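Novice: Starting from these lines, generate the structure:
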Amino acid sequence: MTMKNKSRAFLGFGGNLGNPLERFRHARETLAKHPKISVISSAPLYQTPPIGGPEGQPDFLNTVVEIHTGLFPAELLQLCGQIEACADRIREQHWGPRTLDIDLLLIDELILEDPQLTLPHPRMHQRHFVLLPLNDLAPQLNHPLLHKTISHLLQALPVADGIIRVNETW
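Specialist: Model prediction:
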């Protein structure tokens, strides 16, 4: 498959149970081994306090990975779900603790509203833990619905509280 047939996509990784860093590495390796995916870059890691969900859960580790893919959005979503399942992801509580969460944030300029998948991710523009690492990779990337760059969306948020940039490379 040529690069002309591939879409540029950004995936948000998050986790706060077990060893999220090792799960992130395994997820990235699994993506890179797929014949229709090329991993382009990985943002630094951020430690972030939980938002919503049950009280007392540990901080999250978050990052964003940029890929080129020849998969259709539904196929990419299914693959991400399989990677989460291999990481022992259990969906018991909304915004609860998890071993690995992979969110499809953006795929090219695609706007999609489907019961299984909404693109761009419907809350990404409100979340420091998404915008900070995404801004590290693509500050001038345009949000296809809001028509603002990632950098502009990040600047529009209130000051981030309790978020620590942990590692540049992983």
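Novice: Please give me every residue in contact with Y46.
Specialist: 61-63, 129, 132-133, 163-166 (Cβ atoms under 8 Å, 6 or more residues apart in numbering). Heads up, the C-betas are built off the backbone N, CA and C, glycines and all.
Novice: export those to JSON lines and tack on distance to F10?
Specialist: Shown next, in JSON lines, are those (distance: Cβ to Cβ, whole Å):
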{"residue": "L61", "distance to F10": "17"}
{"residue": "N62", "distance to F10": "13"}
{"residue": "T63", "distance to F10": "11"}
{"residue": "F129", "distance to F10": "14"}
{"residue": "L132", "distance to F10": "13"}
{"residue": "P133", "distance to F10": "9"}
{"residue": "I163", "distance to F10": "19"}
{"residue": "I164", "distance to F10": "22"}
{"residue": "R165", "distance to F10": "18"}
{"residue": "V166", "distance to F10": "19"}
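Novice: Buried subset of these, written for ChimeraX?
Specialist: Remark: buried members of those, expressed as a ChimeraX selection using 16 or more other Cβ atoms under 10 Å:
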select :61,62,63,129,132,133,163
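Novice: Which one of the contacts of Y46 is nearest to K148?
Specialist: Closest approach to K148 among the contacts of Y46 (Cβ to Cβ): L132, at 15.9 Å.
Novice: ok, now how distant is the closest one from K6?
Specialist: Note on L132: its distance to K6, by Cβ to Cβ, to the nearest Å, is 26 Å.
Novice: got any ranges where the chain has weak pLDDT?
Specialist: Along the chain, segments meeting pLDDT under 70 span 1-4, 53, 89-96.
Novice: can you tell me which of the contacts of Y46 are in strands?
Specialist: 61-63, 164-166 (DSSP state E).
Novice: Dump those residues to TSV, plus distance to P97.
Specialist: Putting the ones in strands among the contacts of Y46 into TSV (distance: Cβ to Cβ, whole Å) gives the following:
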residue	distance to P97
L61	12
N62	14
T63	18
I164	19
R165	22
V166	18
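Novice: just those residues now: which is nearest L17?
Specialist: Using Cβ to Cβ, those come closest to L17 at L61, 10.3 Å.
Novice: For L77, which three-state class applies?
Specialist: Using DSSP: H, G, I helix; E, B strand; the rest coil, the structure places L77 in helix.
Novice: which residues are in contact with stretch 20-37?
Specialist: Counting by Cβ under 8 Å, 6+ apart, 1, 6, 11, 13-15, 38-39, 42, 45, 60-61, 63, 65, 67-71, 79, 83, 86-87, 99-100, 102, 167, 170 sit against stretch 20-37.
Novice: filter the residues you listed to the buried ones?
Specialist: Buried among these by 16+ other Cβ under 10 Å: 6, 11, 13-15, 38-39, 42, 45, 60-61, 63, 65, 67-71, 79, 83, 87, 99-100, 102.
Novice: Alright, I will stop here.
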